[in-house]
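Visitor: Have a look at this fold, sequence not included:
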Ligand SMILES: [Zn+2]
């Protein structure tokens with residue numbers, strides 16, 4: 001029973017991915033299924049801010 005190891009959905013490819021041992025220390029911050037997706041995401045904080053409509 002590990003609540004921190006629930007599968008997540010990648011922000012880039014929208015595919016679910018499982019917890020991996022390498023993410024044991026930073027699973028809460030993991031948003032991408034792989035390093036590849038992580039790099040493929042455009043680093044534009046201004047635009048991403050407009051895209052996000054999540055209420056805080
Ligand atoms: Zn991905």
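Guide: Now that the structure is in, tell me what you want to look at. These figures come from a predicted structure and were not determined experimentally.
Visitor: Name the nearest residue to residue 23, sequence neighbours excluded.
Guide: Excluding the flanking residues, the one nearest residue 23 by CB to CB, 6 or more residues apart in numbering is residue 30, at 5.0 Å. No exception for glycine: its C-beta is placed from N, CA and C like everyone else's.
Visitor: For that neighbour, give its distance to the ion.
Guide: 11 Å (CB to the ion, to the nearest Å).
Visitor: I'd like to know how far that residue sits from residue 55.
Guide: To residue 55, residue 30 is 23 Å away according to CB to CB, to the nearest Å.
Visitor: Neighbour count: the two, which is higher?
Guide: Each of residue 30 and residue 55 has its neighbours counted (other CB atoms under 10 Å); residue 30 has more, 16 against 4.
Visitor: Touching, the more buried one and residue 8? I think so.
Guide: Yes - shown here, residue 30 and residue 8 form a contact pair, counting by CB atoms under 8 Å, at 6.6 Å.
Visitor: Quick check: phi and psi at residue 16.
Guide: Residue 16 adopts backbone torsions of phi -70, psi 140, taken as degrees, to the nearest 10.
Visitor: so it touches residue 6, yeah?
Guide: No - the criterion here is CB under 8 Å, and residue 16 misses it with residue 6 at 10.0 Å.
Visitor: And residue 31, what's its pLDDT?
Guide: At residue 31, the model reports a pLDDT of 94.
Visitor: Lovely, talk soon.
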